[in-house]
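Visitor: Would you be able to build a 3D model of this:
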Amino acid sequence: MRILLTTTSFQDTPGSHHDLLKKSGFDIVTARGPLTESQMLDHAKTGFDGFLNGDDLITARVIEAALPRLRVIAKYGIGLDSIDVKHATEKKIPVLFTPGVNHTTVAEHCFGLMIALAKHFWPHLRSTKKGEWKRTTGSELAGKTIAVLGVGRIGKEVIKRAAAFDMKSIGFDLHWDEDFARQFNVSRAPTASSAIENADVVSLHMNLDDANRGMFNRELLSKMKKGSYLINTARGGLVVEKDIAEACKSGHLGGYATDVLDKEPPPADHPFREIDNIIVTPHIASRTFESVERQALRAVRNLINFLNGDKDYIQANKF
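Guide: Purely as a prediction, here's the structure:
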């Protein structure tokens, strides 16, 4: 079996996932992702039985180029927006993924970003590193309202931490866990728009699809409370970045903190670079030693078990 491994956090983080993949006996070819469609096409044409991928662009063209040899796509992670799942399903190619392995670390990162905005970490750190002593008054999170859009595993972990910070939580999700909401006193909003209107902090935890791509545009941002914070540890495509930049520069948004961008890494002229109340981390919310190993082990087991005929794997596209 020949496997293309592209996820960099898998490759760069030591752990038992390396041993497990090595013991598989598969021929492993590595590349440094996320790869563009063109780069994936170049690899796909050389012939692989499986992809063990991160956020590489696996389009219909890539899938076609990899056929007839390609048997499985094993995503390291849960977001599938970079994979043409519909085309994979039509071609009877299983798309495997790893739910339930990174919710703790992403929720922690979310709160790190939240605190960083509220306490103005970026301008303070930048000034002290330059030998200056400039101070800006920050805000407490205690007593504030957080709107969590997407109350799945990660959203729930954020709400648990918000309760510990004495924050009030509003949630929006099409699938509602009433028992959880009752336990943590979460108010259910009927729409995303109504959820954000009175929130001091809005935190995004949704999958990206055609229906919500660019949903946080100028119009929706205008409905947010003046001076509120927007946190994004989900997908960069959920927001219109130029509209975010304008809202932060005008002061309508108190700040935007994100771990994800629409294009990663960003171009040199990206508008976020010059705005102090925008914080960007390089898609590392789930990159902890603990989370990487959990996620990588699940991805490797998915891959090995499927190719060896074992039923212990998690498939996103049922057919």
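
Visitor: hey, let's count contacts and neighbours off CA atoms from now on
Guide: Noted.

Visitor: now the strands for the protein?
Guide: 2-5, 27-30, 50-53, 72-75, 95-96, 145-149, 168-172, 187-188, 201-204, 228-232, 253-258, 278-280 (DSSP state E).

Visitor: May I have the distance across stretch 111-130, first residue to last?
Guide: Stretch 111-130 stretches 26 Å from its first residue to its last (C-alpha to C-alpha, to the nearest Å).

Visitor: Give me the residues contacting that stretch.
Guide: In this structure, residues lying in contact with stretch 111-130 by C-alpha atoms under 8 Å, 6 or more residues apart in numbering are 133-141, 158, 161, 229, 231, 255-258, 276-277, 279.

Visitor: before we move on, back to that, which among the strands of the chain is found nearest to Glu246?
Guide: strand 253-258 (8.9 Å; C-alpha to C-alpha).

Visitor: Given the closest one, what are its sheet partners and their directions?
Guide: strand 228-232 (parallel), strand 278-280 (parallel) (DSSP bridges).

Visitor: can you tell which of these is closest to Asn217?
Guide: strand 228-232 (12.4 Å).

Visitor: What residues sit buried inside the closest one?
Guide: By neighbour count on 16 or more other C-alpha atoms under 10 Å, the buried set for strand 228-232 is 228-232.

Visitor: Quick check: mean pLDDT of that strand?
Guide: Here strand 228-232 scores 98 as its mean pLDDT.

Visitor: could you give the angle of it to strand 145-149?
Guide: 30 degrees (axes from the mean of the first three to the mean of the last three C-alpha atoms, to 10 degrees).

Visitor: Give me the contact list for strand 228-232.
Guide: 110, 113-114, 117, 199-205, 252-260.

Visitor: For the contacts of stretch 111-130, which PyMOL command selects only the ones that are buried?
Guide: A single PyMOL command selects the buried members of the contacts of stretch 111-130 (16+ other C-alpha under 10 Å):
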select buried, resi 141+158+229+231+255+256+257+258+276+277+279
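
Visitor: Buried residues in stretch 40-51, which are they?
Guide: Quick answer for stretch 40-51 (16+ other C-alpha under 10 Å): 40-41, 43-44, 47-51.

Visitor: follow-up on the earlier one: for the contacts of strand 228-232, which ChimeraX command selects only the ones that are buried?
Guide: This is how ChimeraX selects the buried members of those, with burial counted by 16+ other C-alpha under 10 Å:
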select :110,113,114,117,199,200,201,202,203,204,205,252,253,254,255,256,257,258,259,260
